[in-house]
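**Q** here's a sequence, model it:
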Amino acid sequence: MTRKQSLKDPKRHEVLNRMLRDRQAEIQNKLRSLREVLPAEVAEVKDEEEQSVGDFVRSMDFALMEMECETLRKIDEAIHRLERGTYGVCAECDERIAEARLQALPFALLCRACQEGQEEQRALESVRPPALDEGFNPPMRERSARSGRSRQGKRKLPASPAPAV
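**A** Here you go, the predicted model:
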């Protein structure tokens, strides 16, 4: 979808803009409340057990803040794409991203079909064994000193270069 097409649909543009701005404000409010709570907790005197629990909770709060900041960054990028007229358009196939997907994931770059294709590709790559030319050396079987054969009775063959994959 080109910028001209997005300008032809000002209602969609306004709905998407409002959705992104609302989500942005929601995250900023969460971050603000987390920042206000953290300094008060640090000043309290606690025994070791309370301190340990407090440290755990604080580390979870920091992790939550990091995740919220990352989401906020992605929403900011989505707002810029909206201003350029490329928001709501799949970065791979140039098809319109479904409204329901944008409601659930306002910073989505890909339509559902393209996202699933990418995830399937990543899954295939993660289960594929490493290539032999990438330094993968299978473990050698333990050999008997007398016969030069492995304990399973098979003769050990000299290593030969693997064919290029």
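
**Q** C-alpha from now on. contacts and neighbour counts both.
**A** Noted.

**Q** now the helices for the chain?
**A** In the chain, the helices defined using DSSP state H lie at 3-8, 10-43, 48-84, 99-104, 112-127.

**Q** nearest to residue 92, out of those helices?
**A** Put simply, out of the helices of the chain the one that sits nearest residue 92 is helix 112-127, at 6.9 Å, with distance taken as C-alpha to C-alpha.

**Q** buried residues of that closest one, list them for me.
**A** residue 114 (16 or more other C-alpha atoms under 10 Å).

**Q** ok, residues contacting that helix?
**A** Applying C-alpha atoms under 8 Å, 6 or more residues apart in numbering, the contact partners of helix 112-127 are 90, 92-93, 97, 101.

**Q** roughly how far apart are residue 36 and residue 61?
**A** When distance is defined by C-alpha to C-alpha, to the nearest Å, residue 36 is 12 Å away from residue 61.

**Q** next: residue 23.
**A** With distances taken as C-alpha to C-alpha, residue 23 is found 19 Å from residue 61.

**Q** please apply the same query to residue 101.
**A** 28 Å.

**Q** could you do residue 69 as well?
**A** Between residue 69 and residue 61 the distance, using C-alpha to C-alpha, works out to 12 Å.

**Q** can you check residue 68 too?
**A** Residue 68 sits at a distance of 10 Å from residue 61 (criterion: C-alpha to C-alpha).

**Q** flag every buried residue along stretch 86-95.
**A** If you call a residue buried by 16+ other C-alpha under 10 Å, then stretch 86-95 has these buried ones: 86-91.

**Q** for stretch 71-84, same thing?
**A** Of the residues in stretch 71-84, those scored as buried under the neighbour-count criterion (16+ other C-alpha under 10 Å) are 71-72, 74-76, 78-79, 81-82.

**Q** so which of the residues you listed is the closest to residue 32?
**A** Taking C-alpha to C-alpha as the measure, residue 72 is the one of the buried residues of stretch 71-84 closest to residue 32, at 12.8 Å.

**Q** which ones are touching the closest one?
**A** With contact taken as C-alpha under 8 Å, 6+ apart, residue 72 is in contact with 24, 27-28.

**Q** ok, back up a step: closest one of the buried residues of stretch 71-84 to residue 10?
**A** Relative to residue 10, the closest of the buried residues of stretch 71-84 is residue 82; by C-alpha to C-alpha it sits at 11.3 Å.

**Q** and the closest one, what does it touch?
**A** With contacts taken as C-alpha under 8 Å, 6+ apart, residue 82 has the following neighbours: 13, 16-17, 88.

**Q** farthest-separated two in these?
**A** 17 and 88 (10.8 Å).

**Q** lovely, talk soon.
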